[in-house]
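Participant: structural data only, the sequence is not supplied:
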């Protein structure tokens, strides 16, 4: 709802950047009082959306996963049987069904089956361990768990999660779990339930870097609005073939790739965890991929592949990225090797159901330091420490509002009061919005380094480092110091065979940054930097490696 200092909901002047793709919008009241601008032409709910697509495109590819290829009609048949199997167990509206599944057809069919019966799907990261899973399953009160047989040892025992009544294993038999095939043998449930658009469809847990993970409640309404934003801003059609090389269990994969492609009638091509870059390129060529979202490091590794030119990637038209800047050397190589590929920066979060901003295609080269324009119907305000709205170009915290912002966290009233204010979500990110509506994100509030009173945005230093042609990825954190408080420390992953050293790194930064921002110490590693499955750097893990004060 509108509050003190928060402007009334109107069409933004910079919506001109999205001319031709917005469609009719109107202000609606959602979530007990929030005034949000919404797409008018939209499916009623996720089950209705899928039902309409099956009617329109029954024979077109819907999902390609390993050796499995399902048309919309075939996918609908599987979804109906799983929905019927869950309903026969008494699972229905509002019940939580957890998925501990890698990218694949079982994930997609189980997700859509939950949509059909009004159950809440709770995707879980396959890298999470037993203690983490015990907390998540207990916190959401999951009644059903569908998991990979290979991950059975990480599943908590029955006594640890008493609400969990049913377990199903995919890809093999496990003690205490029924085979997934038993769901597929049930009588199909063809008629979707009548679903409230504001009902929770998915609970996605935040990474928990500042304490226990919180379950963001993604609704049917919010997912549809976000999917339409991606689909319309990037001009998706039923010919889209999207590659899911990031986990579908996280918001970028789930909404940014799957639902955004699905709403246009396109096909999902799923790649399981543990793949190598050559695997990704071969699959993208074989399946004529048109769109994906990857972290910049993967694009860099792709252009380093000696046989890249041997893959026919001419169908690949949109390469979305986020979480870090794209190195200039990578941009140049991609332009040479894949001239039809348009790079698109984007920014979002679990709490915003994926996209908050998208760079209008073609504008990335002229705005390399921006994460794009606010999506149609969305709004970003920059606020100061006192909560006042700042003028264009001033630096402050991003407060995000719009139909894509979730109504809150699952069973966390205190966190909701702190994070959701005046109808907006307080992102905890520091940035600016210029007069033309281009958004820049400098850092997380908690990641800002205080060096003797000077504020150092770690993301600003990372941006510079990531533009070095011999650096694949970079992370900057504060190293505790008894005199200055913190010093700037960089973790760097160079390209294979590089002879990069600290002196060269510091000299490179000194030409581009103020002296107090230049990394004073550097850790080189041949391994990928730690990230969560959404591609965000896990800086607490890195800080643990440098807890001793510098000398």
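Facilitator: Cool, the structure landed. Here the structure is a predicted model, which is why all the values come from computation and not from measurement.

Participant: is it true that residue 112 lies in a helix?
Facilitator: Yes: with DSSP: H, G, I helix; E, B strand; the rest coil as the criterion, residue 112 is located in a helix.

Participant: burial measure for it, as a count.
Facilitator: With neighbours defined by other CB atoms under 10 Å, the count for residue 112 comes to 25. The C-beta positions use only the backbone N, C-alpha and C, and glycine is treated the same way.

Participant: which residues touch the nearest residue to it once chain neighbours are set aside?
Facilitator: For residue 112, the nearest residue in space outside its immediate sequence neighbours is residue 79; the separation is 4.5 Å by CB to CB, 6 or more residues apart in numbering. Residues in contact with residue 79 (CB atoms under 8 Å, 6 or more residues apart in numbering) are 50, 109, 112-113, 116.

Participant: 6 Å instead?
Facilitator: For residue 79, the contacting residues are 109, 112-113, taking CB atoms under 6 Å, 6 or more residues apart in numbering as the criterion.

Participant: which one is residue 118 nearest to, not counting chain neighbours?
Facilitator: Nearest to residue 118 is residue 93, by CB to CB, 6+ apart, at 3.6 Å.

Participant: let's verify that neighbour: helix, strand, or coil?
Facilitator: Using three-state DSSP, the three-state assignment for residue 93 comes out as coil.

Participant: related to what we said a few turns ago, out of the contacts of residue 79, which comes closest to residue 60?
Facilitator: residue 112 (15.8 Å; CB to CB).

Participant: worst-scoring helix or strand of the protein, pLDDT-wise?
Facilitator: strand 454-456 (a mean of 82; mean pLDDT, DSSP states H and E).

Participant: give me the contacts around that one.
Facilitator: Taking contacts as CB under 6 Å, 6+ apart, the residues outside strand 454-456 that touch it are 448-449, 488, 516-517.

Participant: could you rerun that using 8 Å?
Facilitator: With CB under 8 Å, 6+ apart as the criterion, strand 454-456 contacts 448-450, 478, 488, 516-517.

Participant: which helices and strands does the helix or strand following it pack with?
Facilitator: If you walk from strand 454-456 toward the C-terminus, the next helix or strand you reach (DSSP states H and E) is helix 458-465. Based on contacts counted as 3 or more CB pairs under 8 Å, 6 or more residues apart in numbering; DSSP states H and E, the elements that helix 458-465 packs against are strand 438-444, strand 471-481, strand 485-494, helix 502-510.

Participant: and helix 458-465, how far out from the chain's middle?
Facilitator: For helix 458-465, the distance from its own C-alpha centre to the chain's C-alpha centre is 21 Å (CA atoms, centre = their mean, to the nearest Å).

Participant: now stretch 101-113
Facilitator: Centroid displacement of stretch 101-113 relative to its chain, using CA atoms, centre = their mean, is 17 Å.

Participant: next, the buried residues of the biggest helix by length in the chain.
Facilitator: When every helix of the chain is counted residue by residue (DSSP state H), the longest turns out to be helix 72-88. By 16 or more other CB atoms under 10 Å, the buried positions in helix 72-88 come out as 72, 74-87.

Participant: then stretch 20-28?
Facilitator: Applying a neighbour-count criterion of 16+ other CB under 10 Å, the buried positions in stretch 20-28 are 21-22, 25.

Participant: what stretches of the stretch 151-300 of the chain score poorly on pLDDT?
Facilitator: Within the stretch 151-300 of the chain, the stretches with pLDDT under 70 are 207-211.

Participant: coming back round to it: from residue 195, how far off is the residue nearest to residue 112?
Facilitator: With distances defined as CB to CB, to the nearest Å, the gap from residue 79 to residue 195 amounts to 15 Å.

Participant: same question for residue 435.
Facilitator: Using CB to CB, one obtains 42 Å as the distance from residue 435 to residue 195.

Participant: neighbour count winner among these two?
Facilitator: For residue 435 versus residue 195, the count of surrounding residues by other CB under 10 Å is larger for residue 195: 20 against 10.

Participant: burial count for the nearest residue to the more buried one once chain neighbours are set aside?
Facilitator: Nearest non-adjacent residue to residue 195, counting by CB to CB, 6+ apart: residue 45, 4.2 Å away. Residues near residue 45, counting by other CB under 10 Å, number 26.

Participant: which ones are touching residue 45?
Facilitator: Each residue near residue 45 by CB under 8 Å, 6+ apart is listed here: 115, 192, 195-197, 199, 201, 220-221, 224.

Participant: now do 10 Å
Facilitator: Taking CB atoms under 10 Å, 6 or more residues apart in numbering as the definition of contact, the neighbours of residue 45 are 51, 115-116, 118, 192-199, 201, 219-221, 223-224.

Participant: buried only: go through these for me.
Facilitator: 51, 115-116, 118, 192-193, 195, 197-199, 201, 219-221, 223-224.

Participant: may I ask which two of those residues are separated the most?
Facilitator: The most widely separated members of these, counting by CB to CB, are 51 and 198 (19.4 Å).

Participant: out of the buried ones among the contacts of residue 45, list just those in helices.
Facilitator: Using DSSP H to define helices, the subset of those located there is 51, 115-116, 220-221, 223-224.

Participant: from the contact counts, what lies against the helix or strand hosting residue 138?
Facilitator: For residue 138, the enclosing helix or strand under DSSP H and E is helix 130-140. Applying 3 or more CB pairs under 10 Å, 6 or more residues apart in numbering; DSSP states H and E, one finds that helix 130-140 contacts strand 96-100, strand 120-123, strand 144-148, strand 200-205, strand 215-219.

Participant: related to what we said a few turns ago, nearest to residue 33, of the buried ones among the contacts of residue 45?
Facilitator: When those are compared for distance to residue 33 (CB to CB), residue 198 comes out closest, at 12.1 Å.

Participant: list the backbone torsions phi and psi for that closest one.
Facilitator: Listed backbone geometry of residue 198 is phi -90, psi 0, with angles given as degrees, to the nearest 10.

Participant: where's it relative to residue 260, distance?
Facilitator: Relative to residue 260, residue 198 is positioned 20 Å away (criterion: CB to CB).

Participant: again, but for residue 83
Facilitator: Using CB to CB, residue 83 is found at 23 Å from residue 260.

Participant: same deal with residue 285?
Facilitator: Going from residue 285 to residue 260 by CB to CB gives 22 Å.

Participant: residue 173: neighbouring residues, count only.
Facilitator: Using other CB under 10 Å: residue 173 sits among 10 other residues.

Participant: swap that for residue 228, please
Facilitator: Other residues within reach of residue 228 by the criterion other CB under 10 Å amount to 28.
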